[in-house]
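Novice: Just a sequence and a predicted model for now, questions to come.
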Amino acid sequence: MYPKLINSSPEAYLDSFDKFGIHLGLERIQQLLNALGNPHQQIPVIHVAGTNGKGSVCAFLLSILQAAGYRIGRYTSPHLIDWRERITINGEWIRDQDLREALQQVDAAIHPDFPPTQFEVITAAMWWYIAKQKVDLAILETGLGGRLDATNVCDRPLVSVITSIGLDHCQQLGNTLSEIASEKAGIIKPKCPVVIAENDAEAIAALQAKVIKCEAPVTWVSAAQPTATGAIYQGFEYPLPLLGKHQLINSAVAIATIQSLRNQSWEISDAAIRTGLANTQWSGRLQWIEFNLDGKSHKILIDGAHNVAAAEYLRQFVDEAFPHRRKRWVIGILNTKDQAGILNALLTPDDLLFPVPVPSSATTSPQDLSQIASSMVRIKPPPYANLTLGLAAAFEDQQNDVVILCGSLYLVGEFLSQLAST
């Protein structure tokens with residue numbers, strides 16, 4: 001059994017559901033939402049699925065719609081520092097007391113014979129809270145997949161959005177791009193608009209099949225083109241503050257989604273789009289951080305890079321930004337991920353690796369990461385027992401090298417949490 005919320009903090013209460021693991025399906029979330037009065041039926045929704053780019057697209061959309069004067073709820077996962085990050089109104093985290101109240105409502109709605117998963121609990125709390133806040137629109141990021149994800153309970157989304165698709169979460173979603181794309185396509189609803197990013201032909205074929213079956217009006221999006229001051233998409237020029245070439249497709253997807261809303265009579269000016277894009281922030285993704293370590297000031301690049309495609313984006317960025325500087329990688333990876341694929345995408349023989357654990361029971365041990373990477377780099381990396389030791393080693397005699405922390409959003413979160421506590 002799980003503890004009652006009255007006897008625990010929201011974090012401890014949510015952590016108590018971790019033992020139920022990942023079990024995709026809609027029956028439990030539908031039971032919860034029905035007991036809560038079906039709050040999901042009270043909110044206009046943009047629903048976003050994909051392997052990479054979901055968070056960036058949601059961040060772009062939130063900033064644009066805020067600039068247009070709307071009150072916007074947003075739901076993303078995972079969090080980096082605090083559960084409250086996942087549920088925001090106009091970018092502001094849900095307050096402690098509001099999260100507690102939402103979880104109390106969910107706790108009272110749980111049927112003892114059908115214990116929900118952790119993600120279903122926080123998702124139900126999100127629906128209840130955002131409906132209570134009477135937002136104009138909610139932007140929802142799927143947690144895992146799409147078809148059986150707990151966010152996928154809306155019959156009539158304003159727009160369904162599918163970003164870049166790659167091989168990730170294969171244990172749950174399938175081992176081919178076609179299988180994974182079919183799961184992501186589960187958020188496409190009959191006759192509801194859908195915006196889809198350029199993808200591998202195998203993924204596109206699976207998405208197209210669902211589009212045809214649902215008779216959904218579709219916008220196929222190609223990447224914007226870079227300019228001296230940002231990017232241009234279909235003749236529309238705009239600033240682009242988020243780093244990395246992959247933001248050319250993510251920003252174009254966001255603009256196409258906004259155009260779909262405009263077609264549905266939402267009032268969003270070109271000026272609001274440009275202002276929103278210019279003001280977009282997304283923590284922990286190609287983000288430079290200055291911090292102190294052992295009394296010295298250092299600068300580090302942090303990024304999740306938790307699957308092969310994301311690792312390839314990151315490597316491309318650092319190669320273009322620092323073509324003649326050696327890279328030092330502080331890396332931790334979950335054991336559910338393609339460790340060899342991620343390391344191979346990131347490392348070159350001259351690089352230095354500092355393997356560390358991820359703050360999760362599912363971490364790959366630093367010793368195992370060292371062994372996997374031993375044939376990829378000239379200097380075999382020693383393992384480090386924790387992040388602090390790995391960072392200290394990475395910045396020792398750093399000189400002109402670039403230091404990057406990546407491999408897991410949980411690891412990025414641990415780093416940011418340590419900064420926040422100092």
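Specialist: Arrived safely.
Novice: The residue nearest to the spatial centre of the chain in helix, strand or coil?
Specialist: Computing the C-alpha centroid of the chain and ranking residues by Cα atoms, centre = their mean puts Gly55 first, at 4.2 Å. Of the three states, Gly55 takes helix under DSSP: H, G, I helix; E, B strand; the rest coil.
Novice: tell me which residues in stretch 329-342 are buried?
Specialist: Buried residues in stretch 329-342, defined by neighbour count with 16 or more other Cβ atoms under 10 Å: Trp329, Val330, Ile331, Gly332, Ile333, Leu334, Thr336, Lys337, Asp338, Gln339, Gly341, Ile342. Glycine gets a C-beta too; all of them are placed from N, C-alpha and C.
Novice: Got phi/psi on the second one?
Specialist: The phi and psi torsions at Val330 (degrees, to the nearest 10) take the values phi -100, psi 110.
Novice: measure Gln418 to Thr388 for me?
Specialist: Noted for Gln418: a distance of 8 Å to Thr388, by Cβ to Cβ, to the nearest Å.
Novice: Would you agree the residue nearest to the centre of the chain is in contact with Glu141?
Specialist: Yes: with contact defined as Cβ atoms under 8 Å, Gly55 reaches Glu141; the gap is 6.4 Å.
Novice: Overlap of the contact sets of the two?
Specialist: When contacts are counted by Cβ atoms under 8 Å, 6 or more residues apart in numbering, the set common to Gly55 and Glu141 consists of Thr76.
Novice: returning to that earlier point: tell me the one of the buried residues of stretch 329-342 nearest Lys189?
Specialist: Nearest to Lys189 out of those is Thr336 (Cβ to Cβ; 29.7 Å).
Novice: returning to what we had before: for the residue nearest to the centre of the chain, what are its contacts?
Specialist: Each residue near Gly55 by Cβ under 8 Å, 6+ apart is listed here: Thr76, Glu141, Trp282, Arg285.
Novice: What ranges in this protein fall below the confidence cut-off?
Specialist: Residue ranges of the chain with pLDDT under 70: 1-7, 19-22, 168-174.
Novice: Which residues are in contact with Arg378?
Specialist: Pro349, Asp350.
Novice: gap between the residue nearest to Thr163 when sequence neighbours are not counted and His23?
Specialist: Computed as Cβ to Cβ, 6 or more residues apart in numbering, the closest residue to Thr163 that is not its neighbour in sequence is Gly50, at 3.0 Å. Per Cβ to Cβ, Gly50 is found 22 Å from His23.
Novice: More neighbours: which of these two?
Specialist: Higher neighbour count among Gly50 and His23: Gly50, with 27 against 14, using other Cβ atoms under 10 Å.
Novice: correct me, but that one touches Ile162?
Specialist: Yes: the pair Gly50 / Ile162 is scored as a contact, 5.4 Å apart, by Cβ under 8 Å.
Novice: Need the overlap of contacts for these two.
Specialist: Residues touching both Gly50 and Ile162 (Cβ under 8 Å, 6+ apart) are Lys184, Ala197.
Novice: With that, I have no additional questions.
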